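Peer 1: Give me a model of this one.
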Amino acid sequence: LESPSPVLVARTSTSLWALPKCLKAFLVRKQLYPVFEHKLNDVWDGDLARKVHACLNEMGIKWTSTNIVRIGKVGE
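Peer 2: This next block holds a predicted model:
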């Protein structure tokens, strides 16, 4: 990868994301967790992954993989 960290291109929250105003928000350690037994996995493996990959390619976005993960605080 060109950058030390993957770029987040999607999230499922319905609230508008805003850049945290204090540095304390950046001190919360986060971790990626696998997602099991979720309806998204069924549609992802069906046709959705192909459509997302085609869209990324169409937009000229360089990508190497797409993964269904949950982002949570370390230890959750």
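
Peer 1: Quick check: end-to-end length of stretch 28-37?
Peer 2: 27 Å (Cα to Cα, to the nearest Å).

Peer 1: Tell me where the model's unsure across this protein.
Peer 2: 1-10 (pLDDT under 70).

Peer 1: Return the residue of it that is most distant from the centre.
Peer 2: Distance from the C-alpha centroid of the chain, by Cα atoms, centre = their mean, peaks at Cys22 (23.1 Å).

Peer 1: List the contacts of it.
Peer 2: Counting by Cβ atoms under 8 Å, 6 or more residues apart in numbering, Cys22 makes contact with nothing. To be clear about C-beta, it is placed using only N, CA and C from the backbone, and glycine gets the same treatment.

Peer 1: Check the one 10 residues further on too.
Peer 2: With contact taken as Cβ under 8 Å, 6+ apart, Leu32 is in contact with 67, 69-71.

Peer 1: Next, report how far the helix or strand hosting it is displaced from the centre of its chain.
Peer 2: Here Leu32, judged by DSSP states H and E, is contained in strand 30-34. With Cα atoms, centre = their mean, to the nearest Å as the basis, strand 30-34 stands 10 Å off its chain's centre.

Peer 1: next helix or strand past that strand?
Peer 2: helix 39-43.

Peer 1: Doesn't Ile71 belong to a strand?
Peer 2: Yes - according to DSSP: H, G, I helix; E, B strand; the rest coil, Ile71 belongs to a strand.

Peer 1: Need the residues that contact the longest helix belonging to the chain.
Peer 2: Longest helix in the chain by number of residues (criterion: DSSP state H): helix 49-58. By Cβ under 8 Å, 6+ apart, the residues outside helix 49-58 that reach it are 63, 66.

Peer 1: Now for the closest residue in space to Val28 that isn't next to it in sequence, how many residues are close by?
Peer 2: What sits nearest to Val28 in space, not counting adjacent residues and going by Cβ to Cβ, 6 or more residues apart in numbering, is Lys73, at 6.0 Å. Neighbour count for Lys73, taken as other Cβ atoms under 10 Å: 9.
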